[in-house]
Every structure is written in C-alpha cells, then in structure tokens.
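Trainee: Following is a predicted model, sequence given first.
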Amino acid sequence: MLIRTLYFEQAGVVAAVICSLIVAGLLKGTIGVGMPVVALPLLSLFIDVKSAAMLLSMPLIFSNLPQALEGGKTGRCLMQLTLVILGMIPGLFLGVRVLLALDANAAKIIAGLVLMGVGGVTLLAPRLKLQSRLVFPTGITFGFFGGILGGIAALPGPLVFIFLLAKGLRGKAFTKEASLYLVVSAGLLAILLTASRQFSWLDVSVSAAALLPVVLGMYVGQHMRDKIAPETFTKLVLIAVIAVGAELLGHGIFG
C-alpha cells in the first residue's frame, strides 16, 4: 500500500514527504525526542494516515536505537519498562485494528483529535509525581493508551513519556528508557502492519529508506541545538501540531 501510494503520487508530493521527514528529524536532533509528533501531521497532509504510520515505523526504530543502547545495562532498562510494555501490547493491537478498518476521512478525524489531544496534554501537563503504590496501575494504563495511540497514529510515546517523568526519570535515564520503549513499540507496529493484507515487506524497505532524510534533519538539528532554547522550540512545535491536528480534523469532517 505504501509503495503504491508513493509510486502513483506526483513528484511534488514525494518531495513534500521527504521534506516532512527532514523537518521531523530536525526536531529529533534539536531536542532528542518528538520526531513522530511532527512527522505524522506533516505527512498526513500529503498521504493517507495508514501509509504515514507505516512510513514512520523504521525511522522510529533506527533513530532511537543509539540512545536506547547508550550506556549499556539495556536488559535492566527493559525490565524497568515491563509495565508499560505489558500495557502497550494489547493497546497497539487494538490501535492497529482500528487504523486498518478506517476509511480515509475517519482516519483523518481520529488522527486530528489524537494530535490535538497529545499536543495539548504535552504542552499543559503538570510535573506529576507518582507514589510508589500507583506505579503499577499507572504504568499499565499509560502503556495501554500509549499503544492505542501508537497503532492509530504512530504516536506511542507522549503518554508514556509523561509516566516516565512522573516516576522521577530525568536526563540520560529518561532518554534511554523513552528511546528503548519507542524501539520496542515501533518494531511491533511494523510487524503488525506488515502482517496485514494492506502492507508488505516492500513497504518496510520504503520505510527503511525514509530514515535517510530523518538522519539528515537530525544532523542539522544537532548543530542548531545550542542556538535555540529547547523549551521554546518544543512549545512552538506543540502549538503547530495542535494547529495541524485541527486542520486534519476539518479535512476529515468537511472533505
């Protein structure tokens, strides 16, 4: 489905898809996270949401892999993510089933609502602090709904990131757990989409090729990191995501 979508599109649309991936990589390089939050709304302006989710699966895995493996002790880190992964697996299965069953307009409406919700929650979320007795149910719950968002809109991260911050993770510890979670969830997303009749291993190869413009954007973003205040950049990005989500919602309802 993905390879057919891009093959039959005009050269201008393919160029716009590549530019969208570069911009998403720019965000990843500048602040370390957030690539799909920018990539999905941009890509959804040019290709359907299902193809956009498939296209992002390999870049999500490989762009986060170095941070997931950094510093060693990856097995222990994976054990610490057990709760959110246990919740994420059924949520992702459900989200993918919903995504594959939707028509184009319904997918845009749901993606628009998801983007507005995720952008708003991330922008306005207070600095939560979890008591130890609440870690288990909160981890399972946030993992489940994070999985649903991952299946519907390739956005498995934002809700789980809030949980990780509420656990008290900061700096490299947060980045490692967040990146490892994204690698696991994106890998499962790619498997589920490829196992469906709508996508194939050729689509996986196209998704892998999409890593190139993402890496280019990351390279530029890393060199811009010291010139832009990360907090300001993040807020501007989230405001833009909410605006694009509203536009997708409008296209889905009135298109």
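Mentor: All right, it came through fine. Not measured: the values here are computed from a predicted model.

Trainee: Number of residues surrounding Leu6?
Mentor: The number of residues packed near Leu6 is 18, by other CB atoms under 10 Å. Every C-beta, even on glycine, is put in place using the N, C-alpha and C of the backbone.

Trainee: where do the strands sit along the stretch 151-255 of the chain?
Mentor: In the stretch 151-255 of the chain, no strands are defined using DSSP state E, counting those that start in this stretch.

Trainee: What ranges in it fall below the confidence cut-off?
Mentor: Scanning the stretch 151-255 of the chain with the threshold set as pLDDT under 70 gives 225-231, 233-234, 236-237, 240-241, 244, 255.

Trainee: Helices of that one, residue ranges please.
Mentor: Secondary structure of the stretch 151-255 of the chain by DSSP state H, counting those that start in this stretch: the helices cover 157-166, 171-195, 201-209, 211-224, 230-254.

Trainee: Turn these into a markdown table, including distance to Ile148 and mean neighbour count.
Mentor: Output for those, formatted as a markdown table (distance: least, CB to CB, whole Å; neighbours: other CB atoms under 10 Å):
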| stretch | distance to Ile148 | mean neighbour count |
| --- | --- | --- |
| helix 157-166 | 9 | 23 |
| helix 171-195 | 11 | 20 |
| helix 201-209 | 21 | 17 |
| helix 211-224 | 24 | 18 |
| helix 230-254 | 16 | 17 |
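
Trainee: Turn those helices into TSV, columns for distance to Pro41.
Mentor: Converted to TSV, the helices of the stretch 151-255 of the chain look like this (distance: least, CB to CB, whole Å):
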stretch	distance to Pro41
helix 157-166	13
helix 171-195	18
helix 201-209	18
helix 211-224	16
helix 230-254	4
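
Trainee: Which among those helices is found nearest to Gly120?
Mentor: With CB to CB as the criterion, Gly120 lies closest to helix 230-254 of the helices of the stretch 151-255 of the chain, at 6.1 Å.

Trainee: just how off-centre is the strand or helix carrying Ile89 within its chain?
Mentor: In this assignment (DSSP states H and E), Ile89 forms part of helix 82-101. Mean-position distance between helix 82-101 and its chain equals 14 Å (CA atoms, centre = their mean, to the nearest Å).

Trainee: picking that back up, do you know which of the helices of the stretch 151-255 of the chain lies nearest Gly34?
Mentor: Gly34 lies closest to helix 230-254 among the helices of the stretch 151-255 of the chain, at 6.5 Å (CB to CB).

Trainee: what's next to the helix holding Ile89, contact-wise?
Mentor: Taking contacts as CB atoms under 8 Å, 6 or more residues apart in numbering, the residues outside helix 82-101 that touch it are 49-50, 53, 78, 107, 110, 135-136, 139-153, 156, 160, 163, 181, 184-185, 188-189, 192-193, 196, 198.

Trainee: Pull out the buried members of these.
Mentor: Among the contacts of helix 82-101, the ones that count as buried by 16 or more other CB atoms under 10 Å are 49-50, 53, 78, 107, 110, 139-153, 156, 160, 163, 181, 184-185, 188-189, 192-193.

Trainee: for the nearest residue to Lys167 once chain neighbours are set aside, phi and psi?
Mentor: If the residues on either side of it in the chain are set aside, Lys167 comes closest to Leu130, at 5.8 Å by CB to CB, 6 or more residues apart in numbering. Dihedral angles of Leu130 (phi, psi; degrees, to the nearest 10) stand at phi -90, psi 140.

Trainee: what's the neighbour count on Leu130?
Mentor: Neighbour count for Leu130, taken as other CB under 10 Å: 14.

Trainee: ok now do it, which residues does it touch?
Mentor: Taking CB under 8 Å, 6+ apart, one finds Thr138, Phe163, Ala166, Lys167, Gly168 in contact with Leu130.

Trainee: pretty sure the first one is touching Leu164, no?
Mentor: Read that as Thr138. No. Thr138 is not in contact with Leu164 according to CB atoms under 8 Å; the separation is 10.8 Å.

Trainee: So Leu27 sits against Gln222, correct?
Mentor: No. The pair Leu27 / Gln222 is not scored as a contact, 11.4 Å apart, by CB under 8 Å.
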